[in-house]
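A.B. asks: coords please:
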Amino acid sequence: MHDCAGKCSRGGQRGHPLPAVTGWPSLRGVVAVAASAALPPQGSVESETSMTVRRFVSLPAALGAAALSAARLSAALSAATLLLTPLPASAQLSDVQMEWGVTIPVRDGTELRGTIYRPADQTEPLPVILGFTPYIADIYHGKARYYARRGYVFAAVDVRGRGNSDGVFEPFHDADRDGHDVVEWLAAQPWSNGKVAMYGASYGGWDQWATAKELPPSLESIVPAAAAYLGTDFPFVHNVFVPYNMTWLTFTSGKAAQSTIFGDAELWADAFGERYFNHRPFAELDQIVGNLTTRFQTWMEHPTPDEYWLASAPSPEQLAAMDIPILTITGHYDGDQRGALQHYRMHMRHGNEAAKARHYLVIGPWNHGGVGTSVDQVGGLEFGPNALLPQDSLRKAWYDWTLKDGPRPWFLEKRVAVYIAGRDAWEYADALEEVANDQLVYYFDSADGRPNDVFRSGTLAPEPTGNTRADSYVYDPLDTRPGRFESFESGNNLSHFFWGEQPLNQHFALNMFDNGLVYHTEPFETETDLAGFMEFDAWMSLDVPDTDFMVTVYEIMPDGTSIFLTGDIMRARYRNSRTVEELVTPGEVDLYRFDGFQFFARQIAAGSRLRLILNSPNSLWLQKNYNSGGRVTHESGADARTATITFHHGGQYQSRLSVPVRRRPVS
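C.D. replies: Have a look, this model is predicted:
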């Protein structure tokens, strides 16, 4: 029985059974780290010339569809008389033929433009790979040549209003219908055999899902890496905005890449410092920066994953109708991991069975920049050689399978592939939920109710201790000491740390200023594989109507090395629902269920301990909650209230941490 990556048969080219598998003080320096990491770095996500570190509805109208059908018919007739002969030898400057500035019309008359790369010796119609980007299509040049040399046509296309394309760029809009029309235009060209797949990461991963939800008939496959899912991982995480949004919106303002402004460390240090140290409302950030042309204010009106954000993702009905193979790629330290996995989960929940069986998931140890090329270290945390998965080869094999009836890629032994850091091994499962097959449960205790730093921490024990004393900490939003420690010289940036760019950084654990609680387990007696999603049930009471929480978990090795494993963040008013706010009743004990941790997979060394830190984030790099219970985007220092957070963990309030374990068979 063969695997079938294709869909229904069309003209004898589709639906052939595919063979089975064969084989991120000097405040001005603060942003230097962020800017250098967030610029389109050489050799990262989307191509060898790459993309930014962050990121970061309807079916076709009858008229538009008819126009596209007419265009396809015309092109087909032309193809009947056009021979795809090789270029004369004297004209072959390379083995790749490039056609720049190609005009691609979409249904409302807007003209998009791109560059088409074809094998110079092309003699027959070939499958097409589409890279659709707001980061200027030139970033795909290296990858386009790579695929053209290997028997594919590659189309690098600027999205509406960016680069050489006409129209106005509206972030996270238009790519759905435009993507559909581009796919169908490409399929109709004489050098195309009618089969189109997509390529890209981050925004370029999101727009693959946006295109696919429009169900273009000629779309055979998508390969979304680090794909953002609006309202989940961008432009906020669990209702908490990041000032980087303004940086990204400025980078994508106008038609050209605003790279010099984007990389101006002094500009962004001054802007973020003005907001943080002078306690100005987060919603004034665009005024502070001096760019009022973006959608920043619109975004501020939508602090929950409401329909404004969700409209950009496939609906349950669209997911059910998708019938294409999908390869999702993300990493342990990918800032868009939550987005990529939300896309995956939604498809697993609503997709049809045949399509779900052809959705593969690869989770490596990589950061956001490494999901396209693989890396063997993140922020100084080194992995083994098996972390260097040859992703070009994997994608090439995927396209061969889904576009050319080749064998399924050798690496995809099962539908889920997960890298176990610390053991340098890949493990496989049939479903994401099956990666973990056991769990460890820990309960909390402390000696005096004040485990406020790593040197007088509380404990995480496998059984409740019977101690009913609660622990507490104080968060003062007017305290700017944490921000003054986030400097270029120290290499500290809380958002970079939380999103995985600095996994060895202990700054935030060692400089808490009593804002937080710290707990440790006993040392592990044996090496233990932890893999999956942690869950933390915390019973807490506050004396303010709202605040923010951050939970981070680490492996502390016998030599004292600290390795960040995973984390979660929560705004108290959204403790019961991320879409419906409920202000806290001061003094009332409530359950705060942290169930949005990043996926992680690591072998914990014998002698290592786990560390959990619960605190309230106070950073240059995150939106600040002034605890008033008002609109957080419009709160300022004038609204600030100091919060005392009491963490209950005894008697009827058994707070607990659940840790996923992957047990291996005894050999």
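
A.B. asks: Strands of the stretch 51-200 of the chain, start to end?
C.D. replies: The residue ranges that make up the strands of the stretch 51-200 of the chain, judged by DSSP state E, counting those that start in this stretch, are 96-105, 111-119, 126-133, 153-158, 192-201.

A.B. asks: got the ones you listed as CSV, with distance to residue 573, mean neighbour count and mean pLDDT columns?
C.D. replies: (Glycine included, C-beta is placed from N, CA and C.) Shown next, in CSV, are these (distance: least, CB to CB, whole Å; neighbours: other CB atoms under 10 Å; pLDDT from 0 to 100):
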stretch, distance to residue 573, mean neighbour count, mean pLDDT
strand 96-105, 45, 16, 97
strand 111-119, 42, 22, 98
strand 126-133, 36, 26, 99
strand 153-158, 40, 27, 99
strand 192-201, 33, 26, 98
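
A.B. asks: Let me have these in JSON lines, adding distance to residue 409 as columns.
C.D. replies: Below are the strands of the stretch 51-200 of the chain laid out as JSON lines (distance: least, CB to CB, whole Å):
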{"stretch": "strand 96-105", "distance to residue 409": "24"}
{"stretch": "strand 111-119", "distance to residue 409": "22"}
{"stretch": "strand 126-133", "distance to residue 409": "15"}
{"stretch": "strand 153-158", "distance to residue 409": "19"}
{"stretch": "strand 192-201", "distance to residue 409": "14"}
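
A.B. asks: List just the one of these that sits closest to residue 176.
C.D. replies: Closest to residue 176 of those is strand 126-133 (CB to CB; 10.8 Å).

A.B. asks: for the closest one, the distance to its chain's centre please.
C.D. replies: 22 Å (CA atoms, centre = their mean, to the nearest Å).

A.B. asks: what helices or strands is that strand leaning on?
C.D. replies: Applying 3 or more CB pairs under 8 Å, 6 or more residues apart in numbering; DSSP states H and E, one finds that strand 126-133 contacts helix 141-148, strand 153-158, helix 175-187, strand 192-201, helix 203-212, helix 391-404.

A.B. asks: just the ones you listed: most buried one?
C.D. replies: Per-stretch averages of neighbours, counted by mean count of other CB atoms under 10 Å, single out helix 203-212 among the helices and strands packed on strand 126-133, with a mean of 29.

A.B. asks: For the helix or strand that it is followed by, enumerate the helices and strands it packs against.
C.D. replies: Next in sequence after helix 203-212, counting helices and strands by DSSP states H and E, comes strand 219-221. If contacts are counted by 3+ CB pairs under 8 Å, 6+ apart, strand 219-221 sits against strand 192-201, helix 391-404.

A.B. asks: Distance to residue 418 added to the ones you listed, as CSV?
C.D. replies: Shown next, in CSV, are the helices and strands packed on strand 219-221 (distance: least, CB to CB, whole Å):
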stretch, distance to residue 418
strand 192-201, 19
helix 391-404, 15
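
A.B. asks: among those, which is nearest residue 239?
C.D. replies: Nearest of these (CB to CB): strand 192-201, 25.0 Å.

A.B. asks: so that closest one versus helix 203-212, what angle?
C.D. replies: 140 degrees (axes from the mean of the first three to the mean of the last three CA atoms, to 10 degrees).

A.B. asks: if we can go back for a sec, nearest to residue 310, out of the helices and strands packed on strand 219-221?
C.D. replies: Minimum separation from residue 310 across these (CB to CB) falls at strand 192-201, 21.4 Å.

A.B. asks: Pull that closest one out as CSV, backbone CA atoms only.
C.D. replies: The C-alpha atoms that make up strand 192-201 are tabulated as CSV, following Å, rounded to 0.1, in the frame of the first residue of the first chain:
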residue,chain,number,x,y,z
SER,A,192,4.6,25.1,-15.3
ASN,A,193,3.1,21.6,-15.2
GLY,A,194,0.2,22.9,-13.0
LYS,A,195,1.6,21.8,-9.7
VAL,A,196,2.5,24.5,-7.1
ALA,A,197,4.0,24.2,-3.6
MET,A,198,5.1,26.9,-1.2
TYR,A,199,8.2,27.7,0.8
GLY,A,200,9.0,30.1,3.7
ALA,A,201,9.1,30.7,7.4
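
A.B. asks: What are the contacting residues of stretch 410-430?
C.D. replies: 21-23, 332, 357, 359-365, 381, 383-387, 389, 394, 397, 431-432, 434-435, 527, 529, 531, 601-605, 662 (CB atoms under 8 Å, 6 or more residues apart in numbering).

A.B. asks: mind running it again at 7 Å?
C.D. replies: Stretch 410-430 is contacted from outside by 21-23, 332, 359-365, 383-387, 394, 397, 431-432, 435, 529, 531, 601-603, 605, 662, using CB atoms under 7 Å, 6 or more residues apart in numbering.

A.B. asks: quick one on the thing from earlier: now for the helices and strands packed on strand 219-221, which one comes closest to residue 499?
C.D. replies: strand 192-201 (15.1 Å).

A.B. asks: outside of that closest one, which residues touch it?
C.D. replies: Against strand 192-201 from outside (CB under 7 Å, 6+ apart): 13, 45-46, 51, 125-133, 143, 153, 183, 186-187, 208, 211, 218-223, 225-226, 371-372, 399, 402-403.

A.B. asks: Can you give me the domain boundaries for this protein?
C.D. replies: 27-232+308-434, 438-479+515-661 (automatic domain parsing).

A.B. asks: Go through these and pick out the most buried.
C.D. replies: domain 27-232+308-434 (a mean of 21).

A.B. asks: Please list all residues in contact with residue 537.
C.D. replies: Going by CB under 7 Å, 6+ apart, the list of residues near residue 537 reads 591, 593, 655-656.

A.B. asks: which one of those sits closest to residue 325?
C.D. replies: For the contacts of residue 537, the nearest to residue 325 is residue 593 (35.0 Å; CB to CB).
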